[in-house]
Every structure is written in structure tokens, then in C-alpha cells.
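Colleague: kindly generate the corresponding structure for this input.
(one chain, ligands or ions: 1)
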Amino acid sequence: MPEKIRLLTPGPTPLPERVRLALAKDMLHHRKGEFMAVMGRAQENLRLLFGTAGPVLPLSCSGTGAMTAAVHSLFQPGEKVLVVEAGKFGQRWEQIAAMRGLETATLSAPWGEAISAPAVEERLREDPAIAGVLLQHSETSTGVLHPVREVAEVCRRSGALLVVDGISAVGLCPCPMDEWGIDCLLTGSQKGLMLPPGLALLALSPRAWKKAESVSPNCFYFNLLKERDSLAKGQTNFTSPVNLIVGLDEALALLLENGLEAVYVKQWGLTMLARAGVRAMGLVLFAEKDFAWGITSVLLPEGVDGGQVLRCAAEKFGVLFAGGQDHLKGRLVRIGHMGHVDWADVAAGLFALNQALKDAGGFCGSRDYLEQALAAWRAALAVPPGETPPMTHS
Ligand SMILES: *Cc1c(COP(=O)(O)O)cnc(C)c1O
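Modeller: This next block holds a predicted model:
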């Protein structure tokens, strides 16, 4: 058995020591002053992370709970939404919307590609009944980044609310909610935020709050209007996930210590490192053009058994990757590099992938793939201080 396990999965992700120590603290009471002080501090930092002046609601559920809360709070049964579907999580939006009784129109792209903002614009123009657009910022099942900023511009012109699943994007790549004009941004704790699973965060724009106020309450547990009132008092509606919030407070302090730009530059560097290494091994990147910053998806050569590659990397090298889903099962390796992951973890991942591929099919690639990967990483870090690396779409 390997001595050390490296979680290079797109959630859950490894926990920094400071966060683990914070999580280990004794219980605070969720209606007393000490906890409210933690909530207050975390709230200030959450607004910086989300880039919003409005409240960021903590919800005790996984990320999908926040997706559900968003759909139920913003739309009435019978209303129509446009769902962007280019992977497994786009399909999840469709399922949630259908269960809420919404009419759904779908804008699809082949898995591995992003949709375009003009395509969204066209659909909104053709069908003025569309009240909302639901999409992922980063579609984790394929490793693609959708052009949220451009889609937000289109939505501002049409009046449709833009609801963004940022579960694998917040804390990993820029997604400033107010500046871009996003109406609902949500995330989960176990990816970029370096926390255990079980906490979700959700924010609405002023026009989304207005819409939510017009939707009659339809779920006892997820009542965002009441959560907003509770948050104003440093509390949540029901018993708070106290330890996760204490951990969140520490994780946010860590993320903001050197400024968010530094976080994004780090993530950009790891993405360049992973991509260059994969290319130098002669492998095909599944998301060629519009790629996410927290995950690199690799298309395996024909005839290689993806399951065997994952098993070998785990058993021999202690590196845990994710595989492909649905029709991509056995065909993809998804390398997560989110949160508390550094260059050495990703380099270890590349080595494990290379060796596992050799085992599975005699595949080899360039001998100096690690040097090439590290050279790309160093070059990527040469972003001037205070600046953000280029988003692929802008
Ligand atoms: C991980 C993920 C989810 C699912 O989150 P859960 O916390 O498992 O509910 C949804 N959307 C995206 C984009 C994700 O990466």
C-alpha cells in the first residue's frame, strides 16, 4: 500500500492543516454570540470570494442541494428555463427543473466543448418566455469552462435570470458575480474551498431576490427568504453545520491571505502544468479549447482500459483520479487539481498516470514530460502581480 494518498479528484479535495485544526474545535452553540461572530467574519470574506455586495447564504447540504434551492426559489411551475447541457451536471439542471415542473428548453454542445454566448442570445430572442438560463461555469464531467461572463451580458439584455453552478469554479477561477452580472451563483464546500463535503453557499442578485420574493414558498427546508433574514442575525434557519462554518472561516482566511488573484494564478499554473504534461505524454486533452482551471480531462488511447489505469494509479502510487461518466466511462481520466493541491501533487499525478498507462497498454510518450510540464508551470506563473491570467473566453 502506498504510504501517502493524494486526492487528485474533482471533489472531495485535500484539507490544509489549518482547516483541519479548525474543524477539530469543540462545539459552539449556533444561537450564541461566539458563533455569530464567526458567521459575521465568514460572511464578509464570502462576499469578497463571490464578488458580491449581497448576502451569501450558507446551506447545510451538498452542492446539488443549492442547485435545488435555486430552482425552487426562483421559478414557479410552468415557467420556462433554458438549460445548457454539455455534460453530466448540465443534465442535472434539467432533472431538477423538470421535478420543479418547469418547462425546459435545452442548448447542447458536444461533451468536451463549451456553448457560445451568441447561441444563448439566439435562443432567448426566439423565445421571450424563457425566464432563466441555467448552466455550469465549469462542467466538471468534461473539464470544460462555459463563457459565463459573455452569457451574463446576453442575459442582462433579455431579462432572463442567469443561474450559475459554480461548484467547481468558485475559488478556482475568476467568477465575480456583481461585475459580470450573474443572478445566482452557488458552490459547494468540497472543491475549491478546501473543506469537507456538506456545506453549500448561494448568493442572489437584487433582481433575483425580487423574483424570489414573488415565488410562493414551496419547500419547508430551503426557504431562501427566511435564510436571508436569519443570516442578518448571524444565524441559519435550522441548526447550523457549526464545525463546517468554523472551518469555512479558516479556509476563507487562507484563500484571501495573499489576495484572490494569487489563488487564481496558482490554479492557472497547475492547469498549465497538468495540460503540458498530458500533451508531452502524447495524450489527447478532452477539453481542447475552453478548459476549466480545476480539472484536466484526458482522453485515453483506444484499447486502454480506463478502470485499470485508475486502479493502478491508486494501488501503486496512491494517486486517486476520477474516471469518465456515462458514455465516457473507461475512456477518460479526470485529474482534479483543486484547492490544497500543489505542483508536486500534480507532478506525482502525471508520473502515476504515465506509469499506469505503461502498465495498461505499453504507452510511454516523451521521456521528459515532467520537465516540459514544470517548464509550462513556471512560465504560467509569470503573470504580473495583481493581475489575473487570461480567461479562455475573453
Ligand atoms: C461536484 C459538482 C456538483 C455536485 O455537487 P455535490 O456536492 O456532489 O452535490 C454539481 N455541479 C458541479 C459543476 C460539480 O462539480
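
Colleague: phi, psi for the residue positioned nearest the centre of the chain please.
Modeller: Computing the C-alpha centroid of the chain and ranking residues by C-alpha atoms, centre = their mean puts Ser168 first, at 1.0 Å. Backbone torsions for Ser168, taken as degrees, to the nearest 10, come to phi -110, psi 20.

Colleague: so what's the residue count around the closest residue to Lys233 other than its chain neighbours?
Modeller: In this structure, Lys233 finds its nearest non-sequential neighbour in Met36, 7.2 Å apart by C-beta to C-beta, 6 or more residues apart in numbering. In short, each C-beta sits where N, CA and C put it, glycine included. When neighbours are defined as other C-beta atoms under 10 Å, Met36 has 16 of them.

Colleague: ok, now His29?
Modeller: Counted by other C-beta under 10 Å, the residues lying close to His29 total 12.

Colleague: now Arg157
Modeller: 10.

Colleague: quickly find the element holding it.
Modeller: helix 148-158 (DSSP states H and E).

Colleague: for the record, mean pLDDT for that helix?
Modeller: In this model, helix 148-158 carries a mean pLDDT of 96.

Colleague: name the residues of the helix or strand hosting the residue nearest to Lys233 that come out as buried.
Modeller: Per DSSP H and E, Met36 falls inside helix 33-50. Residues 35-36, 38-39, 42-43, 45-47, 49-50 are the ones in helix 33-50 that count as buried (16 or more other C-beta atoms under 10 Å).

Colleague: identify, from those residues, the entry nearest to Leu252.
Modeller: For the buried residues of helix 33-50, the closest approach to Leu252 (C-beta to C-beta) belongs to Asn45, at 3.8 Å.

Colleague: okay, Pro385: pLDDT?
Modeller: With respect to pLDDT, Pro385 scores 63.

Colleague: show me what contacts the spatially closest residue to Ala373 that is not a sequence neighbour?
Modeller: Excluding the flanking residues, the one nearest Ala373 by C-beta to C-beta, 6+ apart is Gly277, at 3.3 Å. By C-beta atoms under 8 Å, 6 or more residues apart in numbering, the contact set of Gly277 is 346-347, 350, 369-370, 372-373, 376.

Colleague: follow-up on the earlier one: tabulate the buried residues of helix 33-50 in CSV, adding columns for distance to the ligand and pLDDT.
Modeller: Formatted as CSV, the buried residues of helix 33-50 follow (distance: C-beta to the nearest ligand atom, whole Å; pLDDT from 0 to 100):
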residue, distance to the ligand, pLDDT
Phe35, 24, 98
Met36, 26, 98
Val38, 22, 98
Met39, 21, 98
Ala42, 19, 98
Gln43, 21, 98
Asn45, 21, 98
Leu46, 17, 98
Arg47, 22, 98
Leu49, 17, 98
Phe50, 16, 98
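
Colleague: check the gap between Gly135 and Leu82 for me.
Modeller: You called it Gly, but residue 135 is Leu. Noted for Leu135: a distance of 9 Å to Leu82, by C-beta to C-beta, to the nearest Å.

Colleague: oops, could you answer that again for Pro147 instead?
Modeller: 15 Å.

Colleague: same thing with Gly307?
Modeller: Distance, Gly307 to Leu82, by C-beta to C-beta: 36 Å.

Colleague: of these two, who's got more company?
Modeller: Shown here are Gly307 and Leu82; by other C-beta under 10 Å, Leu82 has more neighbours (24 against 12).

Colleague: still on that earlier bit, can you pull the buried residues of the helix holding Arg157?
Modeller: 148-155, 158.

Colleague: is that helix anywhere near the ligand?
Modeller: No. Judged by C-beta under 6 Å from any ligand atom, helix 148-158 stays clear of the ligand, getting no closer than 12.1 Å.

Colleague: after that helix comes which helix or strand?
Modeller: Criterion used, DSSP H and E; the element after helix 148-158 is strand 161-165.

Colleague: returning to what we had before: the residue nearest to the centre of the chain: what's it in contact with?
Modeller: Applying C-beta under 8 Å, 6+ apart, the residues contacting Ser168 are 10-11, 136-138, 140, 191-192, 292, 294-295, 338.

Colleague: give me the subset of those residues lying in strands.
Modeller: 136, 138, 295 (DSSP state E).

Colleague: I'd assumed Ile245 was in contact with Met39.
Modeller: Yes. If you go by C-beta atoms under 8 Å, Met39 and Ile245 touch, sitting 6.5 Å apart.

Colleague: give me the common contacts of the two.
Modeller: With C-beta under 8 Å, 6+ apart, Met39 and Ile245 have common neighbours Pro58.

Colleague: element containing the residue nearest to Ala373, please.
Modeller: Applying DSSP H and E as the criterion places Gly277 in helix 260-280.
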